[in-house]
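Q: Need coordinates for the following:
(2 chains)
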Amino acid sequence: MNWTETIERISGVNPRKCMKCGKCTATCPAYEEMEYHPHQFVDMLSSGRVEELMGSRGIYMCLSCFACVERCPRNVEPAALIEAVRTAVLRQQGANHMKADAVPALLEEELPQQAITSALRKYSKGG
Amino acid sequence: MQRIGVFVCWCGSNIAATVDVKQVAEALGKEPGVVFSTDYQYMCSQSGQEMIQEAIREHRLTGVVICSCSPRMHEATFRKTCQKAGLNPYMVEIANIREQCSWIHKDKITATEKAVILGRAAIAKVHLNAPLTAGTSPVVKRALVIGGGIAGIQTALDIADAGFPVDIVEKKPTIGGKMTQIDKTFPTLDCAACILTPKMVDAAQNENIDIISYAQVEKVQGFVGNFSVTIRKKARYVDETKCTGCGLCTEKCPQKKIPNEFNLGLDNRRAIYIPFAQATPKVATIDPNYCTMLKTGKCGVCSKVCTAGAINYKQEDEIITREYGAIVVATGFEPISMEPFDEFAYSQSPDVVTSLELERLMNAAGPTGGTLLRPSDGAHPHTLVFVQCVGSRCDGAQKGKSYCSKICCMYTAKHAMLIREKYPDTEVYVFYIDVRTPGKNFDEFYRRAVEEYGVHYIKGMVGKVTPQDGKLKVQASDLLGGRQMHIDADMVVLAAAIEPDKSARPLATMLTASMDTNDFFTEAHPKLRPVESPTAGIFLSGACQGPKDIPETVAQAGAAASKVIGLLSKNSLTCNPCTAKPDELMCNGCSSCEKVCPYGAITYVDKPFRGPNRTTLTRRVAQVNPAVCQGCGACTVACPSGAMDLQGFSNKQILAEVDAICR
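A: Numbering: from 1, shown residues only, chains lettered A, B, ... in the order given. Presented below is the predicted three-dimensional model:
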C-alpha cells in the first residue's frame, strides 16, 4: 500500500468529496504557522503528494481544534487527514517529532490537560 | 387456443449486439400457441409496424408478443399498431429485452438465454389475456393553480387566455409571492414590482380567473379530468366585498409591534394589515394571533374607523369544494434557516442578513425606504461582504442542501453591482466557491460587476464572522491569491440556499404526486416531460420542481399552462381499462381493499345473493369505480380472500409468467 492509500485508510477521508471551497483554510486559526493549509492537505492527498505533506513542519502546527471539520460543507474532515499524516510519520522508526521527556519543559501552567495529552499523541509514538 | 405472433426487435445494435435475436425468434417460435415468429432491425419503425400488421392479418393472430424495449417506451405504439390491424390492443404484451436484458448483460450467451425466458413469460401471459375495452370519462373544464407567485400567476393567465376558467389558491393574504419582495431583477435590472404588479392586476381583472387568497387546499379527491378539491378560505375578519383597501384601519390599529413578514421582520406592522401597497386583492386582514378584539373582546378600533363597514369579527373559515379537470402546483420556495450556520453570526448580529432581507433593505417600499442602512444602528455601511453557497452544495442532510440553489450567483452579482452603483464609497467583497452564470446575458452581467463596478470577487468561502466593537470581523481565505484575509465589515450578506415551501410535502401527499428527497416535485420525465407530474392531471410550475430564476419560472409556467389547455380542450379522456375487479362471490366484505386504495375507488354495497333452498342472502361486497381506479394493484395484494384481481394483470397471468420463467 502506498502512502496515499494508507492515509486515506487510517483517516477515513475521501478527498474526492472536496469541492475546493476553502472554508477549512478560511476558518483555520493556525493559518500563519503552516506552509500548507487545510484545503491543500486535501488537494495533496488527491494528487498523490502525501510525502511532501509528511515532510512538512506545518503538520505539527495544526491545533487539532477541528474547526475545519465542524465547518466543512462536504464533511471532508481535513483535521482527521492531518492527524493521519502525523500518525503515519510517527509510526516510522525514529520519526518522533519530539520525545515525551521534552514535553514537560514546554508546558505552560495554563495549558489544559487535554492539550497535553493531545500533544503527546500528536508528537510521539510513545505517548 | 391463442394464435400468437412473436416479434423480436434488434433495436439497431442496442439489443442485437448482446442478444442473438435470430436465436430468440427461433426458440420462441417453438413455444405452444406461437404460429409466427420473426426478428427485425427496428420494430417501431414504419416498416416494422407494417410487418406486424401484415402478420396479424395473414396468420390470423389473436395475441402479439413484442420483444423490445421497456413498455414505458413503446407499449402504446405497438398497441396502436395492432389495433389498426383489428386486434384488441390489450392482447399485446411487451417483453423488455433491452433495459432489463441487453443493456445490463455483457455475455451474449447469458443475455440470449434470458431474452428467451422473458419472451416465454410474455407468451404465457398472452395465453391468458382477454380483450379489454377502455371507457371514457368526462373532463371538467376548469383548472386549479395552487400558489399565487409569479409561476402561478403566469400559468393562470395563460390558461385563462385560452378561455378556460382557473382558480388560484394562495395561502397568503395577497398573490405575488417572492417576486413582490424582490427589488430589481437580473440581468436587466428592471424593477420587480414594475413588471409583476401589472400581471397581478391582470389576474385580478381577468374574468376567467378567480383568486382565492388566504386559503389552503385541504383535500383532493378524484383523478385526471375529475378532481374534487376542498379549499379552506381562512377568516380574515374583513368582508372582501366591502373593504376598499383604504388602509385607514391599518394606521389606527393600536397593536403596533408585530413583526412584518413582508419585510422579513425588519420592521413592524399592525394587527390589521395590508401586506403592501399593490396587494391583490387589496383587502385588509386581521391577524388573530395579535388582535386585541379577537383575543379579549375589547378594542374594536378598526371597526370604528372603517367607513365601509367591512370589519366582521365573527367571520369564520369558509370551506369551498370545487371540481377541476387539472391541477397545477406552483408552491414555490423559501430560503433555508440560517441556524445551522452560526459561524456566520446570523443570530448574533442584526447586520448579518440574508440576501432576501437585503432585497427589502434596498427596496423603495422596504423598511428603510430604499436607502441601504445597517440594521443595528441605521448607519451607512462602507464595507460589505457577500458569502455565497450558504447551505447549498452541502454533503449530507443534517446541514444544508446537496444541490446548487442556482439563483444566488446572479442575485449576488446584482446586489454587489447595485450597491457599488448607488454608493461608490463602498468596498464590496464577494466570496465564492464557483461563479455559476449560465444563461442569456448572465456571464456578461457578472463580468460587469467585476470590471465596471469594481466588486472584489474572491475565490474561497468565508470561515467565520465575529461581531466585535460594532464591526463584523470576517476571516476568509483568498485561495487563488494564497493569503488569509481579515476584513472589518459593516454588513455581511448570506446567500441562503433555497428549499421548497413547507406546504409542498403535505400537498404532494394529497395529490399523490411524487417528490424527491429534497421535497421538490418530481417531473414525469426529466427531459421530455418536465412540467408534468407522474400523476396524471397534476402539472408543475416554477420553483416547486427545482431552483429556478424568474425567466425560467415564467417559461415553465407557460409550458405547464399549455399542457393544461391541451387536457382541458378534450371533452373526454380514455380510461385505463386495467382496473381492479372483485369476484363478488369470493369477497368477504372485510374492507381491507377500501383502506389501502389511494384513489378512493372502492366502496362497499349490500347486495342480494341467492342462498341455499331458494333463500336470499344479503352480503356486503366491494365495488370498484373503474373511472377512479388507476390500476395500482394495492387492493389485489391486500385482499385476504383473493377476490380482487387486476384486469390485464390478474394473479393467474402473473403466476403463469413466473411459471414460464421457472420452467
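Q: what sits up against the helix or strand of chain A with the lowest mean pLDDT?
A: None of the helices or strands of chain A scores lower by mean pLDDT, DSSP states H and E than helix A:113-123, at a mean of 73. Helix A:113-123 is contacted from outside by A:60, A:64, A:83, A:86, A:90, A:96-98, A:100, A:103, A:107, A:126-127, using Cβ atoms under 8 Å, 6 or more residues apart in numbering or on different chains. Where you see a C-beta, it was placed from the backbone N, CA and C, and this is true even at glycine.
Q: Quick check: helices, which of those residues are part of them?
A: A:83, A:86, A:90, A:103 (DSSP state H).
Q: wait, what's in contact with the closest residue to chain A within the stretch 151-300 of chain B?
A: Here the stretch 151-300 of chain B gets closest to chain A at one residue, B:Phe186, 23.2 Å apart by Cβ to the nearest Cβ. If you count contacts by Cβ under 8 Å, 6+ apart, B:Phe186 has them with B:410-411, B:413-414, B:442, B:445, B:549.
Q: make it 10 Å
A: B:Phe186 sits next to B:407, B:409-415, B:417-418, B:437, B:439, B:441-442, B:445-446, B:549-551 when contact means Cβ atoms under 10 Å, 6 or more residues apart in numbering or on different chains.
Q: Out of those residues, which end up buried?
A: Among these, the ones that count as buried by 16 or more other Cβ atoms under 10 Å in any protein chain shown are B:407, B:409-415, B:417-418, B:437, B:439, B:442, B:445-446, B:549-550.
Q: Give the buried residues for stretch B:473-483.
A: Applying 16+ other Cβ under 10 Å to stretch B:473-483 flags B:474-479 as buried.
Q: for stretch A:39-52, same thing?
A: A:39-46, A:49-50.
Q: Run through the residues you listed and flag the ones next to chain B.
A: Among the buried residues of stretch A:39-52, the ones lying near chain B by Cβ under 10 Å from any Cβ of the partner chain are A:39-40.
Q: What's the separation between the residue nearest in space to the middle of chain A and B:Val637?
A: Taking Cα atoms, centre = their mean, the centroid of chain A lies closest to A:Ile82, which sits 2.4 Å from it. A:Ile82 sits 54 Å away from B:Val637, going by Cβ to Cβ, to the nearest Å.
Q: Which parts of the chain belong to which domain?
A: Chain wasn't specified; assuming chain A. A:3-95, A:98-127 (automatic domain parsing).
Q: To clarify, I was referring to chain B.
A: Following automatic domain parsing, chain B resolves into domains at B:4-128, B:143-234+B:317-332+B:501-568, B:248-305, B:334-499, B:580-647.
Q: among those, which is nearest A:Val69?
A: Minimum separation from A:Val69 across these (Cβ to Cβ) falls at domain B:334-499, 12.3 Å.
Q: What is the lowest-pLDDT residue among the contacts of helix A:113-123?
A: In terms of pLDDT, A:Gly127 ranks lowest among these, with 42.
Q: Return the set of buried residues in stretch B:226-234.
A: Buried residues in stretch B:226-234, counted by 16+ other Cβ under 10 Å: B:226-227, B:229, B:231-234.
Q: Next one: whichever residue of the stretch 1-150 of chain B sits closest to chain A from B:Lys114, what distance?
A: Nearest residue of the stretch 1-150 of chain B to chain A: B:Ile104, at 26.2 Å (Cβ to the nearest Cβ). Distance of B:Ile104 to B:Lys114, computed by Cβ to Cβ: 9 Å.
Q: isn't A:Glu52 right next to A:Tyr36, touching?
A: Yes. Applying Cβ atoms under 10 Å, one finds A:Glu52 in contact with A:Tyr36, separated by 7.9 Å.
Q: who touches both of these two?
A: A:Met44.
Q: quick one, what contacts the nearest residue to B:Tyr273 once chain neighbours are set aside?
A: Of all residues not flanking B:Tyr273 in the chain, B:Thr250 sits nearest, at 5.3 Å (Cβ to Cβ, 6 or more residues apart in numbering or on different chains). B:Thr250 is in contact with B:269-274, B:284-285, B:302, B:305, counting by Cβ under 10 Å, 6+ apart.
Q: Only the buried residues of the helix or strand hosting B:Ala25, if you could.
A: If you go by DSSP states H and E, B:Ala25 is part of helix B:21-29. Using 16+ other Cβ under 10 Å as the test for burial, helix B:21-29 gives B:21, B:23-25, B:27-29.
Q: For chain A, which residues are neighbours of chain B?
A: Residues of chain A lying near chain B (Cβ under 10 Å from any Cβ): A:14, A:17-29, A:31-32, A:37-40, A:67-68, A:70-76.
Q: of the residues you listed, buried ones?
A: Among the residues of chain A next to chain B, those scoring as buried are A:14, A:18-28, A:31, A:37-40, A:67-68, A:71-74, A:76 (criterion: 16+ other Cβ under 10 Å).
Q: Show me where the chain dips below the pLDDT cut-off.
A: Using chain A. A:1, A:95, A:125-127 (pLDDT under 70).
Q: Chain B, not that one
A: In chain B (pLDDT under 70), the answer is B:397-398.
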